[in-house]
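Q: Compute the structure for the input listed below.
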Amino acid sequence: MQQSKFSFHHDLGGLEVLHNIDKKTDFGRHNHSGYTVALVDCGAQRFFRSGGQHLAGTNSIILINAEQVHDCRKACDGISSYRSMYPTPEFFNSLMDSTKNRAPYFSDAVIHDQVLASQLRGLFNTLDCPTSQLEKQTQLVSFLTNLCASTSQLQQAEDQKSLKCRIELAKNYLLDHLFDDIGLSELASLIHMSQFHFVRAFKVQTGLTPHAFQIQHRLNHAKAMLRRGDNISQVANSVGFYDHSHFSRYFKKNMGITPNQYKQAC
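A: Alright, predicted model coming up:
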């Protein structure tokens, strides 16, 4: 009964929603530019977040912060399904009318709150049906407001220690040259580290290797190009993948659907 359904909501600021029913393939470690807010409809899911493993059973809510590295796999014998959405930090900031560009931080990976779970279930059901913008927007804002009030903390200002600043410099350099063929020695030299120390420090700081970080952000750009209707092969070439199959393999590993399925849903 394995099935994946993806939807993209232009009238909700580009909100992405994914419904996975009895997914057989595990998602390896990755991250999203938006938060992951998921409801386990039945069965159970096990996932890595914040340096540890977490188990989410039926009616529990999974919370993963934006850019936070995680994985996901089925954790029961019977059918397991979940629905997830990916609101961006910018969307949260707009809800809070923030002038400081601060977004919430969810310290708990799994929460068991039947009121919030019921509200999230109703929201997903509404998003899956043809209805007015006002109804969808009102339910989404109401749920996220209640979620933040119940479970989140304001994200703390970044630590300014030397190592973190140097890794941030390397991250920014990677992003500025995202589609270039950058070598490890070039990145390590940029911040005056050995290649071994750099890879280790980068992974501790970001949860990803430099290569995985590069792939993740290339895929984010690719999604934006697919949403505007660009040809898949051209997208693959534009964002630095060798060919269509190479791009599709990484895309499905990250999203659980093919680039063509994503493009059709948008």
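Q: For the chain, which segments are assigned as strands?
A: 3-9, 15-21, 27-30, 36-42, 44-49, 52-57, 61-64, 70-74, 81-85, 104-106, 110-111, 152-154 (DSSP state E).
Q: how close does V110 sit to R46?
A: From V110 across to R46, the span is 10 Å (CB to CB, to the nearest Å). C-beta coordinates here come from the backbone N, C-alpha and C atoms, glycine included.
Q: what residues do these two have in common as contacts?
A: H54, L55, A56 (CB atoms under 8 Å, 6 or more residues apart in numbering).
Q: Closest one to F213 out of those residues, please.
A: H54 (22.9 Å; CB to CB).
Q: how much space between the closest one and E135?
A: 32 Å.
Q: more neighbours, these two?
A: H54 (19 against 12; other CB atoms under 10 Å).
Q: got a pLDDT number for the more buried one?
A: In this model, H54 is scored at 95, pLDDT.
Q: now swap in the one 10 residues further on and tell me
A: Turning to I64, the model gives it a pLDDT of 94.
Q: ditto for the one 3 residues further on
A: Model confidence at E67, expressed as pLDDT, equals 87.
Q: list the contacts for it?
A: Neighbour list for E67: N31, H32, S33, T206 [criterion: CB under 8 Å, 6+ apart].
Q: separation between the closest residue to G256 other than its chain neighbours and N20?
A: Closest residue to G256 apart from its sequence neighbours, by CB to CB, 6 or more residues apart in numbering: S4 at 5.4 Å. Between S4 and N20 the computed distance is 5 Å (CB to CB).
Q: quick one, which of the two is more surrounded?
A: Between S4 and N20, counted using other CB under 10 Å, the more crowded position is N20 (24 against 17).
Q: burial measure for N260, as a count.
A: Residues near N260, counting by other CB under 10 Å, number 12.
Q: dump the residue contacts of the one residue sitting closest to the centre of the chain.
A: In the chain, the residue lying closest to the centroid (CA atoms, centre = their mean) is H32, at 2.1 Å. By CB under 8 Å, 6+ apart, H32 lies in contact with I64, A66, E67, Y86.
Q: Among those residues, which one has the most neighbours?
A: Counting neighbours by other CB under 10 Å, the top entry in the contacts of H32 is I64, with 25 neighbours.
Q: quick one, what contacts that one?
A: I64 neighbours (CB under 8 Å, 6+ apart): H32, Y35, T36, F47, R49, H70, F106, A109.
Q: picking that back up, from the contacts of H32, which is closest to L140?
A: Y86 (12.2 Å).
Q: burial measure for the nearest residue to the closest one once chain neighbours are set aside, as a count.
A: Among residues not flanking Y86 along the chain, G34 sits closest, at 3.6 Å (CB to CB, 6+ apart). Other residues lying near G34 total 22 when counted by other CB under 10 Å.
Q: How about the contacts made by H54?
A: Shown in contact with H54 (CB under 8 Å, 6+ apart): R46, F47, F48, I62, A109, V110.
Q: Give me the neighbour count for the closest residue to it other than its chain neighbours.
A: Closest residue in space to H54, ignoring its immediate chain neighbours: A109 at 4.3 Å, by CB to CB, 6+ apart. Residues contacting A109 under the criterion other CB under 10 Å number 21.
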